[in-house]
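[1] Only the shape, not the letters, is given here:
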Ligand code: ADP
Ligand code: MG
């Protein structure tokens, strides 16, 4: 009896592999440039024609290959980068599968020219559809040139999926930027149709690389950060200030052990750290390198290696979240704190432009309460029916001897009854009084909420929810935590759950939607930020209530009290909705406005 099963011919196996590794011209660029990086190149030139459909050529000054390696590299599973299984878990290189070159060669007209640095002659191999047509010794500089022409010429079905030149080139530019971001020590040059599109010279510091790849203006608004977990994880990078936010996540560059990844755990931690700082559907600019012991992460999950698997994803997530949040917090508070530094003794201030109709003692009754709350902790009740007036500010007159904010800044006055103008050093600050007040109230409520614990509200009728298997597993796994947060959830058989009580603060929320979102998040990240978000929303609502509105004339003392409180909270420069609280105009900005420079 003859067998039905056949071993695939080599050429077909390579084409199938190409289906995984080579999706479009940018994948060719990625593989070739990674090889150049692995070869120790300090200069990599990428030349593109017609979005890479007609040609991709990568030239490097790396170690090159000798005669035998030049032929071997086109064989399937030929790699110089790993020799044993243990190497697979301690990868130092970008490549290791030994798949890319044969896969690319199988779907293109392929030319390799290479010279091993310690040899006199170079070698050139020409292949079509993976079949070597020509090979010869050639004179060439040390290093390697790989030229890939007419991608998918022999697989028309796949060629049809390629897009316009500009679209394909866009992907290529993304790929090169991601690779170049991680290696400031390598000179990259990307040329399309003879025009240099991007050039990044060798740099010492990440900031310079970011300036070369993104822009100088962006780099100027990013802050260096670094943190260690104590458990082997180290994170470094640059965090964009909230003012840099974008409408998509394309400027979030995340790397794990030197590789660019699009990992859900990492991505989630980043977005979560910025959540209260950005308006909805705005994304930060971030360049982040997470390094951890190789045994803590599996990069061998996906052929293009964009995804990784962490051994302890919850721990990695939390470490990143806190590291980023702490760094942002210190940068954002550093500035207002600097502006409003409080602790120095004050000097008598000059008479300033102020509204003469507002004597300092004339405190408007409505605002008075709010301000006095700054002197004394408000008592808050958490019953939903009281949400309206929940902030219960105790009424107490504003002390007449309120301390001036500092000698470093001068309150100039109020603009449009809505903004406070101050001079701080040589800067002009504009503070949105309503946003500032909201932010202050929000932070206070949040702190109280955290310390006072959470009250439960029994539901008259349990809410029964059907979940998918991942979600129900996640809920099951986190039952204790949810319980501590004020939920009481019972698992039915199968994938249904019954919600019997919820945190009182959230009793008015759409319970089903909330629990579903929490379940989805838990299954993705092991963390439930939907819950934080729901709490934050309620707190924001409460904080808004009774706060100073725009169009409210304030006395000097009131303004000072507001600024002083603002300086005391974290995240002073944004309100809980993510709107900015403070705007700064530097001396230079003002001079530029008047063409004085
Ligand atoms: P991998 O990178 O997974 O090892 P590839 O198919 O990409 O597999 O490359 C096969 C081998 O060819 C590499 O292991 C390396 O030894 C060699 N090679 C490929 N490109 C270069 C290059 N630009 N310079 C030097 N050697 C290279
Ligand atoms: Mg490779």
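    Perfect, thanks for sending it. None of these values were measured; they are calculated from a predicted model. Ligands and ions are numbered 1, 2, ... in the order given.
[2] Could you pull out the strands in the stretch 451-597 of the chain for me?
    Listed in chain order, the strands of the stretch 451-597 of the chain (DSSP state E, counting those that start in this stretch) span 456-466, 488-491, 496-503, 582-585.
[3] Residue 239 belongs to a strand?
    Yes - Residue 239 forms part of a strand when assessed by DSSP: H, G, I helix; E, B strand; the rest coil.
[4] Tell me who's in contact with it.
    Residue 239 sits next to 222, 223, 225, 284, 286, 288, 324, 327, 328, 331 when contact means C-beta atoms under 8 Å, 6 or more residues apart in numbering. (C-beta placed from N, C-alpha, C; glycine too.)
[5] three-state assignment of the third one?
    Applying three-state DSSP to residue 225 yields a three-state assignment of strand.
[6] Could you find the residue in the protein that comes nearest to ligand 1?
    Ligand 1 sits closest to residue 95 of the chain, with a gap of 2.2 Å, by C-beta to the nearest ligand atom.
[7] Give me the distance between that residue and residue 263.
    Between residue 95 and residue 263 the computed distance is 19 Å (C-beta to C-beta, to the nearest Å).
[8] Which one's more surrounded, these two?
    Higher neighbour count among residue 95 and residue 263: residue 263, with 23 against 20, using other C-beta atoms under 10 Å.
[9] Number of residues surrounding the closest residue to the more buried one other than its chain neighbours?
    Among residues not flanking residue 263 along the chain, residue 308 sits closest, at 5.5 Å (C-beta to C-beta, 6 or more residues apart in numbering). Residues within reach of residue 308, counting by other C-beta under 10 Å, total 23.
[10] thinking again about what came up before, what separation is there between the residue of the chain closest to ligand 1 and residue 33?
    Taking C-beta to C-beta, one finds residue 95 at 11 Å from residue 33.
[11] in the sheet, who's paired with residue 224?
    Residue 224 has these beta-bridge partners by DSSP bridges: residue 238.
[12] start the count at 32, not 1, going forward
    All set: I'll call the first residue 32, so the last point we hit is now residue 255.
[13] so who does it touch?
    Counted by C-beta under 8 Å, 6+ apart, residue 255 has contacts 237, 238, 267, 268, 269.
[14] which SS class is residue 38?
    Assignment for residue 38 (three-state DSSP): coil.
[15] how much space between it and residue 44?
    From residue 38 to residue 44 the distance is 9 Å (C-beta to C-beta).
[16] So if I had to pick from the two, which one is more boxed in?
    Legend: neighbour count by other C-beta under 10 Å for residue 38 and residue 44, higher for residue 44 (15 against 6).
[17] my guess is the more buried one meets residue 130, correct?
    No - using C-beta atoms under 8 Å, residue 44 is not in contact with residue 130; the gap is 10.1 Å.
[18] intersection of neighbour lists for these two?
    Common neighbours of residue 44 and residue 130 are listed as residue 107 (criterion: C-beta under 8 Å, 6+ apart).
[19] quick check, residue 263 in a strand?
    No - going by three-state DSSP, the assignment for residue 263 is coil, not a strand.
[20] For it, give me its contacts.
    So residue 263 contacts 323, 324, 327 (C-beta under 8 Å, 6+ apart).
[21] ok, how many other residues are close to the second one?
    To tie it back to what came earlier, the one meant is residue 324. 12.
[22] Now do the same for the spatially closest residue to it that is not a sequence neighbour: its pLDDT.
    Spatial nearest neighbour of residue 324, excluding adjacent residues (C-beta to C-beta, 6+ apart): residue 263 at 4.7 Å. What the model reports as pLDDT for residue 263 is 89.
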